[in-house]
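Asks: Return atomic coordinates for the entry below.
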Amino acid sequence: MQTDELITRLGEDLVAVRRAAPPWRRAALWLAPSAAAGAAVALGFGLRADLAQRLADPRFVLETGLALLTAIAAAWAAFCAGRPDEPAWKLWLPMLPLALWLATLGQPCLLILVTRGPAGLVVTQDAMCLPAIAAGGLVPAVAITALLRRVTPFRRGHASFCGALAAAALGACALRFYHTQDAAIMVLIWQLGSVAILTAAGSWIGRHLLPALRVTFPGAGA
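Replies: Prediction:
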């Protein structure tokens with residue numbers, strides 16, 4: 001096919017398309033029902049009796065805030081991944097609050113390890129974290145998948161990873177409002193560990209649910 005013929009064919013039968021909403025607007029559209037669903041899950045399980053006291057603790061507020069910030073940044077990055085004009089640094093922005101969240105939980109664990117040794121880090125079973133975070137992240141996961149499916153993601157793998165991280169982190173944020181386990185080592189292992197597991201699983205599922213980007217040319221294969 002000659003170049004001029006290709007250009008002519010590409011210009012034929014063009015139809016107007018609706019411009020996709022910017023990532024921040026789609027992230028806000030995702031956050032509204034997702035936050036409401038997380039609040040409903042927390043209310044359904046029953047808010048912790050010491051919630052007012054915990055909200056007065058700066059460390060609790062910081063840990064919970066970083067979980068929420070990770071969720072919001074990951075959702076925004078997921079929608080940025082669907083646009084070829086977005087720079088790569090935006091796609092990795094969620095790693096910053098995630099790293100701060102990990103560091104905030106790891107710092108007291110390291111302090112205990114140095115001062116009291118391994119015996120000071122007491123880890124008990126807390127099996128409810130994984131299903132509870134999954135319950136809190138279910139609606140956010142469905143919502144972000146539906147929004148991402150409306151526009152074919154340009155970077156499908158990154159979009160599915162960030163979308164899964166957003167849902168799992170929001171579920172972990174909701175968990176802090178009704179689950180009374182606050183020991184840093186327990187939160188690090190069971191809650192952040194559950195976020196990692198759900199993110200990996202959700203990322204794999206998302207790659208199969210999101211449409212793949214296919215570029216075809218008029219007349220190709222004819």
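Asks: alpha carbons only for contacts and neighbour counts from here, please
Replies: Noted.
Asks: Flag the shaky bits of the chain, pLDDT-wise.
Replies: For the chain, applying pLDDT under 70 flags the ranges 1-2, 7-8, 10-20, 120, 152-153, 212-222.
Asks: Next one: the most centrally placed residue in the chain from residue 184, what distance?
Replies: If you average the C-alpha coordinates of the chain and look for the closest C-alpha using C-alpha atoms, centre = their mean, you land on residue 166, 1.3 Å from that point. From residue 166 over to residue 184 the distance is 21 Å, taken as C-alpha to C-alpha, to the nearest Å.
Asks: quick revisit: what about the residue nearest to the centre of the chain, which helix or strand?
Replies: Secondary structure assignment for residue 166, by DSSP states H and E: helix 156-175.
Asks: Please apply the same query to residue 211.
Replies: When elements are assigned from DSSP H and E, residue 211 belongs to no helix and no strand.
Asks: I'd guessed it sits against residue 149; true?
Replies: Yes: contact status for residue 211 versus residue 149: in contact at 6.6 Å, counting by C-alpha atoms under 8 Å.
Asks: and the nearest residue to the residue nearest to the centre of the chain once chain neighbours are set aside, how many neighbours?
Replies: The shortest distance from residue 166 to any non-neighbouring residue, by C-alpha to C-alpha, 6 or more residues apart in numbering, is to residue 71 (3.9 Å). With neighbours defined by other C-alpha atoms under 10 Å, the count for residue 71 comes to 30.
Asks: How about residue 44?
Replies: Counted with other C-alpha under 10 Å, residue 44 comes out at 10.
Asks: Residue 186 versus that one, what's the distance?
Replies: 23 Å.
Asks: Mind listing what's buried along stretch 69-89?
Replies: Within stretch 69-89, the residues scored as buried using 16 or more other C-alpha atoms under 10 Å are 69-83.
Asks: got the contact list for it?
Replies: Surrounding stretch 69-89, the residues in contact under the criterion C-alpha atoms under 8 Å, 6 or more residues apart in numbering are 23-24, 26-27, 30-31, 90-95, 97-98, 144, 148, 151-156, 158-163, 165-170.
Asks: ok so, going back, and the helix holding residue 166, what does it pack against?
Replies: Packed against helix 156-175, as judged by 3 or more C-alpha pairs under 8 Å, 6 or more residues apart in numbering; DSSP states H and E, are the following elements: helix 23-45, helix 58-80, helix 129-149, helix 192-209.
Asks: Right, I'll call it a day here.
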